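Enquirer: Structure of the sequence below:
(chains A and B)
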Amino acid sequence: EDKVVQSPLSLVVHEGDTVTLNCSYEVTNFRSLLWYKQEKKAPTFLFMLTSSGIEKKSGRLSSILDKKELFSILNITATQTGDSAVYLCAVEAWNQGGKLIFGQGTELSVKP
Amino acid sequence: GAVVSQHPSWVICKSGTSVKIECRSLDFQATTMFWYRQFPKQSLMLMATSNEGSKATYEQGVEKDKFLINHASLTLSTLTVTSAHPEDSSFYICSAEHGGAYNEQFFGPGTRLTVL
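Expert: Sure, this is the predicted structure:
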């Protein structure tokens, strides 16, 4: 059965710290892995990863995929209180009609 | 671009009533939309895939007669929770698939349903 596991489930850091969030997956016919940020409402898209070893970067956030070891990490440097959110990882397989399988999420809390 | 709206953003209803939630893609056409539910402190669970002009595909364990989905146009899908009960209280989120190389999904802002 396809599954996505995120760790840690929750994390508390102070402003300025760097955090690394983990996502491991088992899926047949992997197509892509996506990271989302969820605050009070619906998830907002961060990254889509399809190829191993190619880092995607957006400001203080970056992510990379390892298709051999079946995991991805999301890094946030110089964290700010506005980074506090639940970070969701999802995977998509080919021939599944676009269906996304989500992990449990990592709840990040950044203290001033 | 690629904005998805949901209406209502929140609803409170009595047990036994039916509630309709709308999901609209505002600036693109979406052949496929997805409906998720999310319980507090939990992740998104896919309920069903909504395809324009055809019947929805429901995930295992989701009652199709209780959660009626209609995707009547390329910009609108509706989810009707029939005979709602307190255990149906949840956060319902839709997403719409945007065409292109990767068929990226864009999420609506969600609807908070509370059944008394």
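Enquirer: what ranges do the strands span in chain A?
Expert: Counting by DSSP state E, chain A has strands at residues A:3-7, A:10-14, A:19-26, A:30-38, A:44-49, A:56-58, A:61-66, A:71-76, A:85-93, A:100-102, A:106-111.
Enquirer: any idea which of these is most buried?
Expert: Greatest average neighbour count among those goes to strand A:85-93 (a mean of 23), per mean count of other CB atoms under 10 Å in any protein chain shown. In this view, the C-beta of every residue, glycine as well, is placed from N, C-alpha and C.
Enquirer: still on that earlier bit, and of the strands of chain A, who's closest to chain B?
Expert: Ranking the strands of chain A by proximity to chain B (CB to the nearest CB) places strand A:100-102 first, at 4.5 Å.
Enquirer: Give the pairing partners of the closest one; include direction for each.
Expert: Here strand A:100-102 is paired, per DSSP bridges, with strand A:85-93 (antiparallel).
Enquirer: which residues are in contact with the strand it pairs with?
Expert: With contact meaning CB atoms under 8 Å, 6 or more residues apart in numbering or on different chains, strand A:85-93 is reached by A:2, A:4, A:6, A:21, A:23, A:25, A:27-39, A:43, A:46, A:72, A:74, A:98-103, A:105-108, B:43-44.
Enquirer: repeat that for 6 Å
Expert: Here strand A:85-93 makes contact (CB atoms under 6 Å, 6 or more residues apart in numbering or on different chains) with A:4, A:6, A:21, A:23, A:25, A:27, A:29, A:31-39, A:43, A:100-103, A:105-107.
Enquirer: what's the angle between that strand and strand A:30-38?
Expert: Interaxial angle, strand A:85-93 versus strand A:30-38 (axes from the mean of the first three to the mean of the last three CA atoms, to 10 degrees): 160 degrees.
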